[in-house]
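Novice: just to be clear, the model below is a prediction. Sequence and coordinates:
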Amino acid sequence: MRLPKLLMARAVFPEVLDRLSKHFEVQANQADTVWSKAELIERLQGKQAAFTTGGDRIDAEVLAACPELKICANMAVGYNNFDISAMTAAGVLATNAPDVLTETTADFGFALMMATARRITESEHFLRAGQWTKWSFDMFAGADIHGATLGILGMGRIGQGIAKRGAHGFGMKVIYHNRSRLDAGLEADCKAHYVSKEELLKTADHLVLVLPYSAASHHTIGAAELALMKPTATLVNIARGGIVDDAALAVALKNRTIAAAGLDVFEGEPMLHPGLLEVPNVVLTPHIASASIPTRLAMANLAADNLIAFAGGKPPPTPLNPAVLARS
Ligand code: GLV
């Protein structure tokens with residue numbers, strides 16, 4: 001029996017490649033080369049399936065050029081690299097990798113908030129540069145986490161994980177804003193209070209962004225929103241580049257409109273707005289919020305589960321456009 005053909009857009013754990021190789025004729029990319037759109041299209045010719053990551057854009061142009069494509073499995077919970085309506089129109093199934101990364105990502109969001117508030121990387125750079133010659137009473141004094149007001153914008157599974165850590169572990173007062181309010185049971189679990197976006201911006205001591213990126217959430221935080229925040233506040237973005245206007249944030253950090261920021265995602269990453277590299281009051285990490293070995297393995301295996309289900313004629317576990325399944 002001929003196996004369907006699968007393109008791996010990026011490198012992956014060898015054991016996941018081995019699993020997939022039992023169900024697909026696999027073209028791997030273990031050299032982890034990042035392809036241009038034209039190179040991706042060229043390699044997708046004749047392939048029914050693709051294993052993608054958040055950097056691999058599947059849009060109408062790719063779909064039109066790759067008529068044999070039937071499924072793209074994203075090794076990410078976010079899927080703004082997929083044009084879902086174009087995929088649905090083309091009859092291409094899209095899947096993502098939710099849930100398995102929730103706790104690891106919430107851990108990281110919390111860690112980034114703490115590092116930002118307590119100026120951990122800024123002080124390490126000072127020390128490594130040989131500038132620590134004496135202790136002083138206000139050296140790298142930052143903001144407290146315990147007892148502070150934690151604001152969360154985007155209260156999905158990861159937002160709820162951060163809220164629980166703050167409320168139960170650090171005695172934080174938790175406020176949140178979301179497209180829809182959580183039910184009373186979930187609010188109680190998170191000890192979280194629903195507020196307007198304006199109140200969230202004005203009240204939070206530490207504001208964490210965990211909302212999905214879409215055209216509607218582009219530049220949710222720009223100069224006007226930053227101006228509403230407390231000058232002592234910190235901002236953490238573990239959601240997606242583009243949710244924050246990075247140019248406006250660089251100015252706000254320079255002018256101390258807010259005290260500090262922690263950023264794991266950037267507009268146009270892996271490029272960064274140069275202004276962010278010029279200010280000391282920002283902690284910068286290269287999109288690693290879900291990067292623990294067990295979680296990255298679970299994400300890769302979930303993407304593989306989706307592909308293997310497709311190869312076996314079964315419904316994939318985490319489809320994004322199940323309408324395609326209903327049609328086939
Ligand atoms: C990471 O950013 C993801 O969406 O999984």
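Specialist: Now that the structure is in, tell me what you want to look at. Residues are numbered from 1 along each chain as shown.
Novice: pLDDT-wise, which helix or strand of this protein ranks last?
Specialist: Ranked by mean pLDDT, DSSP states H and E, the weakest helix or strand in the chain is helix 323-327, scoring a mean of 89.
Novice: show residues contacting that one.
Specialist: Contacts to helix 323-327, defined as CB atoms under 8 Å, 6 or more residues apart in numbering, come from residues Met87, Thr88, Gly91, Val92, Leu93, Ala94, Pro315, Pro316, Pro319. All C-beta spots, glycine's among them, are computed from the backbone N, C-alpha and C.
Novice: how much space separates the third one from the ligand?
Specialist: It stands for Gly91. Relative to the ligand, Gly91 is positioned 24 Å away (CB to the nearest ligand atom, to the nearest Å).
Novice: I'd like to know how many residues surround the nearest residue to that residue once chain neighbours are set aside.
Specialist: Nearest residue to Gly91, sequence neighbours excluded (CB to CB, 6 or more residues apart in numbering): Val324, at 5.7 Å. Neighbour count for Val324, taken as other CB atoms under 10 Å: 19.
Novice: name the element Gln30 belongs to?
Specialist: Using DSSP states H and E, no element contains Gln30; it sits outside every helix and strand.
Novice: ok, now Ser290?
Specialist: Assigned by DSSP H and E, Ser290 belongs to neither a helix nor a strand.
Novice: what's the pLDDT at the spatially closest residue to it that is not a sequence neighbour?
Specialist: Counting by CB to CB, 6+ apart, Leu101 is the residue found nearest to Ser290 once chain neighbours are left out, at 4.1 Å. Leu101 carries a pLDDT value of 98.
Novice: now do the one 5 residues further on
Specialist: In the prediction, the pLDDT value recorded for Ala106 is 98.
Novice: contacting residues for the closest residue to it other than its chain neighbours?
Specialist: Nearest residue to Ala106, sequence neighbours excluded (CB to CB, 6+ apart): Gly161, at 2.9 Å. Contacts here follow CB under 8 Å, 6+ apart; on that basis Gly161 touches Thr102, Glu103, Thr105, Ala106, Gly109.
Novice: measure the fourth one to Gly159 for me?
Specialist: Computed with CB to CB, to the nearest Å, the distance linking Ala106 and Gly159 is 8 Å.
Novice: residues near the residue of the stretch 101-250 of the chain found nearest the ligand, how many?
Specialist: At 5.7 Å from the ligand, Leu101 is the closest residue in the stretch 101-250 of the chain, using CB to the nearest ligand atom. Using other CB under 10 Å, Leu101 is surrounded by 24 other residues.
Novice: got it, and the one 4 residues further on?
Specialist: Look at Thr105: counted by other CB under 10 Å, it has 24 neighbours.
Novice: tell me if I'm right that Phe170 and Ile162 touch.
Specialist: No: Phe170 sits out of contact with Ile162 when judged by CB atoms under 8 Å, with a separation of 10.8 Å.
Novice: which one of those two is surrounded by more residues?
Specialist: With neighbours defined as other CB under 10 Å, Phe170 and Ile162 compare such that Ile162 has more, 29 against 16.
Novice: need the pLDDT of the more buried one.
Specialist: As predicted, Ile162 sits at a pLDDT of 98.
Novice: sec struct for it, please.
Specialist: Three-state call for Ile162 (DSSP: H, G, I helix; E, B strand; the rest coil): helix.
Novice: mind giving me the domain split of the protein?
Specialist: 5-98+293-327, 102-284 (automatic domain parsing).
Novice: okay, now the residue in the stretch 151-300 of the chain that the ligand sits nearest to: neighbour count?
Specialist: Residue of the stretch 151-300 of the chain nearest the ligand, by CB to the nearest ligand atom: Ser290 (5.2 Å). Neighbour count for Ser290, taken as other CB under 10 Å: 25.
Novice: with Asp99 instead?
Specialist: Asp99, neighbours per other CB under 10 Å, totals 14.
Novice: these two touch, right, it and Gly156?
Specialist: No: Asp99 is beyond contact range of Gly156, at 10.7 Å (criterion: CB under 8 Å).
Novice: I'd like the contacts of helix 323-327 as TSV, with pLDDT and secondary structure appended.
Specialist: As requested, the contacts of helix 323-327 are exported to TSV (pLDDT from 0 to 100; DSSP: H, G, I helix; E, B strand; the rest coil):
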residue	pLDDT	secondary structure
Met87	98	helix
Thr88	98	helix
Gly91	97	coil
Val92	98	coil
Leu93	98	strand
Ala94	98	strand
Pro315	95	coil
Pro316	97	coil
Pro319	98	strand
